[in-house]
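Trainee: turn this into a model:
(2 chains)
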Number of protein chains: 2
Amino acid sequence: MAPLPAPEPARQLETTASLDVRKLRFEVNRMQLPMGVEGTFGMVKHPGASLAVPVLADGRVVALRQYRFAVATRLLEFPAGTLDPGETPLSTMQRELQEEAGYSATRWDELGALLPCPGYSDEVIHLFLARDLTELSERPPGDDDEDLEVVLMTPAALDQLIASGDEYLDAKSVTAWFRAKQVLGI
Amino acid sequence: MAPLPAPEPARQLETTASLDVRKLRFEVNRMQLPMGVEGTFGMVKHPGASLAVPVLADGRVVALRQYRFAVATRLLEFPAGTLDPGETPLSTMQRELQEEAGYSATRWDELGALLPCPGYSDEVIHLFLARDLTELSERPPGDDDEDLEVVLMTPAALDQLIASGDEYLDAKSVTAWFRAKQVLGI
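Mentor: Residues are numbered from 1 along each chain as shown, chains lettered A, B, ... in the order given. Now for the predicted structure:
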């Protein structure tokens, strides 16, 4: 492959408006792009997030069926969460795996970094494969606005669900599953 | 599989702030979630988008290396674009394939709908597989803030690039490639 491109920040000329809500900041910026064009662009500033593909000893994956108000439905997703101040991507994920799925894991592999919305968000999601899982006797409390249930699935059932076209594809979860399958050799 | 969940809109109590920029609208809403919790949440309202995995007769795919200001780098992506008023997902994609990649296609298959950021955006990206491609002698003009180059890759090279961990994964493109591989049987 050709060498990867170096970072090229756009020149930020002026922030003309912004809104802060929970962990998100919306900004409207006047910018000059590297190609020279000047314009006004909107974007989300996000603290970053982590996601894990948790795989049990029998090969099943631990997924969630989670309510998402922005799209008014429940989605099949892997456990994930936003970085809190002072957390590393791995420590966020270790916390979220316990809070959301009720499991701890002792074997962690990195699956790379994913950009969910590069057109209008700087969010980076750090992907992990979590193995050597232990189910907790009790889930620690998570966010009080979360509404989710844990779903255990075989890899074949997950592939079939993605292939069915019957439900929306959560891009971070499908991308993480693609990477996990590469690493697992399945 | 269990039957898929029905849509469950959250109850929107009040919009407390909003920002409009280009095709995006940022909103801060006071909402009551289906589980009963009330809170203030931020989200992006987006008109929707389309993406195509274009496959040449020799099996190579047509990708783009595109500058993205929000993440300050160039990403490897499939051709994609935002719906303009009056467009269908397919007509958007037929236009964007010509503008961004310089190809037209006569064989189109749907690959389902993807949610890039269901935590804070209602954007839906409609995925297509585009085949029976013809390279245009001249690309029609596209958006003047786009900065991209066309890259032709074999499926094996694309898989290897995703596996390398050397660059950010564009979630919509990896997800679309996962679906395209299922349909192509590769």
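Trainee: just the CA coordinates for the single longest helix found in chain A, please, in PDB.
Mentor: For chain A, the helix that runs over the most residues, judged by DSSP state H, is helix A:171-184. Provided in PDB are the C-alpha atoms of helix A:171-184 (Å, rounded to 0.1, in the frame of the first residue of the first chain):
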ATOM      1  CA  ALA A 171     -22.100   0.800  11.500                       C
ATOM      2  CA  LYS A 172     -19.800   0.600  14.500                       C
ATOM      3  CA  SER A 173     -21.000  -2.900  15.400                       C
ATOM      4  CA  VAL A 174     -20.700  -4.300  11.900                       C
ATOM      5  CA  THR A 175     -17.300  -2.700  11.400                       C
ATOM      6  CA  ALA A 176     -16.000  -4.100  14.700                       C
ATOM      7  CA  TRP A 177     -17.400  -7.600  13.800                       C
ATOM      8  CA  PHE A 178     -15.600  -7.400  10.400                       C
ATOM      9  CA  ARG A 179     -12.300  -6.700  12.300                       C
ATOM     10  CA  ALA A 180     -13.000  -9.300  15.000                       C
ATOM     11  CA  LYS A 181     -13.700 -12.000  12.300                       C
ATOM     12  CA  GLN A 182     -10.300 -11.100  10.700                       C
ATOM     13  CA  VAL A 183      -8.500 -11.600  14.000                       C
ATOM     14  CA  LEU A 184     -10.400 -14.700  15.000                       C
END
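Trainee: now the helix or strand residue A:66 falls within against helix A:171-184, angle please.
Mentor: Using DSSP states H and E, residue A:66 sits in strand A:61-68. Strand A:61-68 and helix A:171-184 are oriented at 170 degrees to each other (axes from the mean of the first three to the mean of the last three C-alpha atoms, to 10 degrees).
Trainee: list the contacts of strand A:61-68.
Mentor: A:53-56, A:73-79, A:100-101, A:103, A:133, A:146-155, A:158, A:173, A:177, A:180, B:5, B:8, B:33-35, B:115, B:118-119 (C-beta atoms under 8 Å, 6 or more residues apart in numbering or on different chains). (C-beta placed from N, C-alpha, C; glycine too.)
Trainee: again, but for stretch A:154-172
Mentor: With C-beta under 8 Å, 6+ apart, stretch A:154-172 has contacts from A:51, A:59-61, A:63, A:71, A:73, A:75-78, A:80, A:114, A:116, A:125, A:153, A:174, A:177, A:181, A:186, B:1, B:4, B:110-116, B:118, B:124-125, B:127, B:171-172, B:174-175, B:178-179, B:182.
Trainee: quick check: buried residues in it?
Mentor: A:155, A:158-159, A:161-162, A:165, A:167-172 (16 or more other C-beta atoms under 10 Å in any protein chain shown).
Trainee: returning to what we had before: now the buried members of the contacts of stretch A:154-172.
Mentor: A:51, A:60-61, A:63, A:71, A:73, A:75-78, A:80, A:114, A:116, A:125, A:153, A:174, A:177, B:111-116, B:118, B:124-125, B:127, B:171-172, B:174-175, B:178-179.
Trainee: select the longest strand from chain A.
Mentor: Assignment by DSSP state E gives strand A:103-115 as the longest strand of chain A.
Trainee: partner strands of the next helix or strand after that one, parallel or antiparallel?
Mentor: Under the assignment DSSP H and E, the closest C-terminal helix or strand after strand A:103-115 is strand A:125-135. Paired with strand A:125-135 in the same sheet, following DSSP bridges, are strand A:49-54 (parallel), strand A:103-115 (antiparallel).
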